[in-house]
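Colleague: Generate a structure from the sequence data that follows.
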Amino acid sequence: MKYIFITGGVVSGLGKGICAASLARLLKARGLRVQNQKFDPYLNVDPGTMSPYQHGEVFVTEDGAETDLDLGHYERFADEALSADSSVSSGKIYWSVLNRERRGEYLGRTIQIIPHITDEIKRNIYKMADKDIDAAICEIGGTVGDIESQPYLEAIRQVAGEQGRDNVLFIHVPLVVEIPGSRELKSKPVQHSVRELQAAGIKPDILVCRTDQPLTEEIRDKIALLCSLDKDAVIESLTADTIYAVPLMLEEEELAQTVCRRLGLPDRKPDLTEWEAMVQRIRTADKTLRIALVGKYVQLHDAYLSIEEALHHAAAACGAKAEILWIDSETVTNANVSEILGNCDGILVPGGFGSRGIEGMIRAARYAREHRVPYLGICLGMQIAVIEFARNVLHWEDANSTEFDELSAHPVIDLMPDQVHITDKGGTMRLGSYPCVLAPGSLAEKAYGVSSIRERHRHRYEFNNVYRTDLEQKGMRLSGQSPDGKLVEIMELTGGGWFVGVQFHPEFKSRPNRPHPLFRAFCEAQLEGKA
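Modeller: Got it, this is the predicted structure:
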């Protein structure tokens, strides 16, 4: 098996994740079996307890791991389901080593960064060898030169020694700086970054240089000369109009060909026809859907990254562009709700935790129901729709979730631990993939086109079964349930219009060339409303 390690230099946020995801797509298009892996240097065990403002969204895998958002990019580009093994943090590394020490597995030895931490990092890298793949693409989070990244650089240096340089490839993603005013490109930061990497014992094989303007032949030659690389190993990574164009741009730069040649992998002609058609649809869409995303973390759009991408996937498949209106739910009042939402084609209320901004979400759900604006509620967004319906249709003014009001006389959303299989992963949260049976003739079944599905979850609170009959008699259809009928997974309204709430997170399974059925149906309903 081959190992490809991707590091970043100069500054963070250059798009190492997109580079890793794009390379996976290009290698897979050549018939190779690949899988991505992300190493994060932070000391949290996983991002599950981190603020969305700190880390963006938490991406959930099929097996219930709470992971870095880059895994979402990996899955969307390569169209391969990942697992907990694909997301490793320093916290997880240290946690494992310290637990082994407590169990006496190190036989009283002094625990040190080298060899114990680096050995644990390598153990996680070598897990990829058990997955029947041709190449593992491992992204090292952070920036070369950061203190917390040093153990990872030492570990991948050792991997090259253990596996042989013919089986290991180092790709470095630096920034080519543009001087303000003159727009002159400067390569000096790239040189310093490569020198820092070489000081850690790693000589990069390929540089994928992030830049806002094309690299001149002169600057390519200079980078190649001063970084001791062949010229074809200096790859240009231009800022793209859509991230899904990046694989095509890197293919033109012959990144995958260079990788295959260096690693001795077969360089077959790639089949990118479907991908090219998808990018063309994105670029030529001639309609616009104004979609109000009413959430509590909208100041950082990465907090809803998978939802944002899923909306773009679905809109493009319908020949449209999604114009997302980022609405802070705390700003939505009875007085301004019509002004804020009056010009939108659809309303989406996403997931979240805590009571802040809840009342604004409820007002948005009511506006959608009363004005028949297509509505998609995801996780908390479904619970919001149930609360709103109970308050304003059944007139239970205090209806609520026990997450927000433990003393509510009508807790239509509540903890139901007796009906949920709980593991120590995530505490009381229901995490990962669960089955769901769809009601015949429902909006959900029409969207999916099948009678049963599996979707990924991340939540603690559930629909309270005590109130099933009351809500159904007033026009709420519980159109998706667990196979044993104990858990409500999907609710929708029968009074006309497209109004669906789901307890799970469909955005995690949406792909740019295969939009999620619910998001597509949501966008189709909006287009019908505009017709």
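Colleague: need the helix or strand of the chain with the lowest average pLDDT.
Modeller: Least confident helix or strand, the chain: helix 52-55 with a mean of 84, by mean pLDDT, DSSP states H and E.
Colleague: how about the helices of the stretch 301-450 of the chain, start to end?
Modeller: For the stretch 301-450 of the chain, the helices defined by DSSP state H, counting those that start in this stretch occupy 305-317, 337-341, 358-371, 380-392, 443-448.
Colleague: just to revisit the earlier point, mind listing what's buried along the least confident helix or strand of the chain?
Modeller: P52, H55 (16 or more other C-beta atoms under 10 Å). Bear in mind the C-beta positions are built from the backbone N, C-alpha and C, glycine included.
Colleague: for stretch 511-527, same thing?
Modeller: Applying 16+ other C-beta under 10 Å to stretch 511-527 flags 511-513, 515-527 as buried.
Colleague: Tell me the gap between that stretch and the middle of its chain.
Modeller: Here stretch 511-527 is found 17 Å from its chain centre; the criterion is C-alpha atoms, centre = their mean, to the nearest Å.
Colleague: Helix, strand, or coil at the residue of the chain most remote from its centre?
Modeller: Computed with C-alpha atoms, centre = their mean, the maximum C-alpha offset from the centroid of the chain is found at G108, amounting to 41.2 Å. The three-state assignment at G108 reads coil, by DSSP: H, G, I helix; E, B strand; the rest coil.
Colleague: Could you do F170 as well?
Modeller: strand.
Colleague: who touches it in this structure?
Modeller: F5, T7, I156, A160, L197, I202, K203, P204, D205, I206 (C-beta atoms under 8 Å, 6 or more residues apart in numbering).
Colleague: wait, which of those is closest to H172?
Modeller: Closest approach to H172 among those (C-beta to C-beta): P204, at 3.9 Å.
Colleague: hang on, the earlier thing: need the next SSE after the least confident helix or strand of the chain, C-terminal direction.
Modeller: Downstream of helix 52-55, the first helix or strand assigned by DSSP states H and E is strand 59-60.
Colleague: elements contacting that next one?
Modeller: Packing partners of strand 59-60 (3 or more C-beta pairs under 8 Å, 6 or more residues apart in numbering; DSSP states H and E): strand 66-67, helix 70-78, strand 452-459.
Colleague: what's it in contact with?
Modeller: With C-beta under 8 Å, 6+ apart, strand 59-60 has contacts from 66-72, 75, 306, 431-432, 456-458, 505, 508.
Colleague: at 10 Å instead, please
Modeller: 38, 47-48, 65-75, 82, 87, 305-306, 426, 429, 431-433, 456-458, 504-505, 507-508 (C-beta atoms under 10 Å, 6 or more residues apart in numbering).
Colleague: one step back: can I get the helices of the stretch 301-450 of the chain in TSV including distance to A285, mean neighbour count and mean pLDDT?
Modeller: TSV is the format used below for those (distance: least, C-beta to C-beta, whole Å; neighbours: other C-beta atoms under 10 Å; pLDDT from 0 to 100):
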stretch	distance to A285	mean neighbour count	mean pLDDT
helix 305-317	6	25	97
helix 337-341	23	16	97
helix 358-371	24	22	97
helix 380-392	25	25	98
helix 443-448	21	20	98
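Colleague: Could you list the low-confidence segments of this structure?
Modeller: Residue ranges of the chain with pLDDT under 70: 417-428.
Colleague: separation between the residue nearest the centre of it and E524?
Modeller: Nearest residue to the geometric centre of the chain (C-alpha atoms, centre = their mean): G72, 2.9 Å. According to C-beta to C-beta, to the nearest Å, G72 stands 24 Å off from E524.
Colleague: F508 now?
Modeller: 21 Å.
Colleague: And R468, by the same measure?
Modeller: Distance from R468 to E524, by C-beta to C-beta: 29 Å.
Colleague: Check H516 too.
Modeller: Distance from H516 to E524, by C-beta to C-beta: 12 Å.
Colleague: Same check on D241?
Modeller: 25 Å.
Colleague: What of E274?
Modeller: Separation of E274 from E524 (C-beta to C-beta): 21 Å.
Colleague: same check, this time on E254
Modeller: Distance, E254 to E524, by C-beta to C-beta: 39 Å.
Colleague: likewise I6?
Modeller: Going from I6 to E524 by C-beta to C-beta gives 38 Å.
Colleague: And for C436?
Modeller: 21 Å.
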